[in-house]
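> Need coordinates for the following:
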Amino acid sequence: MALLHAKRLSLAVADEIANLAIRAAQTNSFAPVSVCVMDPQGAEIVTKRMDGCPPMAFAPLALAKANTCVSIKMSTRAFGNKYLKASDGVSPSTSDVYIRGLNQVISLNGNMVAFPGGVLIRDKEDGGVVGSVGVSGAAGDEDEFCALVGVHRCSAAEGLVTEPSTHTCATASNHGLD
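Numbering: from 1, shown residues only. Model (predicted):
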């Protein structure tokens, strides 16, 4: 019988990711954010909230974004695109597709979201999920940008890949990902 050995983010790397995500929000003058970094099983490793970020709204949303990623093995942007948009990527999805996505959210007691800001983190070598990061408080594209900066600039970045791999944030000055 073989034992399973799963790779996961260490506390030090998770803390670094959260700090770098917060720094990206500050550097770009985004609204204050909350950041949650999770392990592959959906347990919080680190949660941080910037001064001025409302705790009742954005900390739970950051957690839900991170949880969505590890629960369904995709970014929150991809989850939203899958269940909220039609195959053309623009039109709203059909009601049956929307209901399937809504049922997933309800099944996890609302701990899933379908908008940008949740990034899945994989091991570059074997593709296994090592964790996720959720950011909430700024605009969705800005949240996602901050999460990507956190992962791409951490000390373990060379061995990690993210989903999505790049950002689409038009308001970022690109500090951290250039």
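
> Show me where this protein has its helices.
11-27, 55-72, 76-84, 95-107, 140-152 (DSSP state H).

> I'd like to know which of those is closest to residue 132.
Evaluated over the helices of the chain, closeness to residue 132 peaks at helix 55-72, with 3.6 Å, by C-beta to C-beta. No exception for glycine: its C-beta is placed from N, CA and C like everyone else's.

> So for the closest one, what gets flagged as buried?
For helix 55-72, burial by neighbour count (16 or more other C-beta atoms under 10 Å) applies to 58-72.

> what's in contact with that helix?
Here helix 55-72 makes contact (C-beta atoms under 8 Å, 6 or more residues apart in numbering) with 33-42, 44, 47, 49, 53, 75-76, 79, 104, 108, 110-114, 117-120, 129, 131-137, 143, 163.

> Send me stretch 21-36 as CSV with only the CA atoms.
Taking Å, rounded to 0.1, in the frame of the first residue of the first chain, the C-alpha atoms of stretch 21-36 are listed here in CSV:
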residue,chain,number,x,y,z
ALA,A,21,-0.7,40.9,-2.3
ILE,A,22,-1.3,43.7,0.3
ARG,A,23,1.8,45.5,-0.9
ALA,A,24,0.5,45.3,-4.5
ALA,A,25,-2.8,46.9,-3.4
GLN,A,26,-0.9,49.7,-1.6
THR,A,27,1.5,50.3,-4.4
ASN,A,28,-1.3,50.6,-7.0
SER,A,29,-3.5,52.7,-4.7
PHE,A,30,-6.3,50.1,-4.8
ALA,A,31,-9.0,50.1,-2.0
PRO,A,32,-7.9,48.2,1.1
VAL,A,33,-8.1,44.4,0.7
SER,A,34,-8.4,41.2,2.7
VAL,A,35,-6.3,38.2,1.7
CYS,A,36,-6.8,34.6,2.5
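
> Quick check: buried residues in that stretch?
By neighbour count with 16+ other C-beta under 10 Å, stretch 21-36 contains the buried residues 21-25, 28, 30-36.

> Spatially, which two of those are the most separated?
Pairwise distances across the buried residues of stretch 21-36 (C-beta to C-beta) peak at 19.6 Å, for the pair 28 and 36.

> How about the contacts made by the most centrally placed residue in the chain?
In the chain, the residue lying closest to the centroid (C-alpha atoms, centre = their mean) is residue 118, at 1.9 Å. Residue 118 sits next to 64-66, 68-69, 75-77, 79, 132-135, 144, 147 when contact means C-beta under 8 Å, 6+ apart.

> where's the dip in pLDDT among the residues you listed?
Within the contacts of residue 118, residue 79 has the lowest pLDDT, namely 86.

> burial measure for the closest residue to that residue other than its chain neighbours, as a count.
Distances taken as C-beta to C-beta, 6 or more residues apart in numbering place residue 114 nearest to residue 79, at 5.1 Å, with adjacent residues excluded. Burial measure for residue 114: 22 neighbouring residues, criterion other C-beta atoms under 10 Å.
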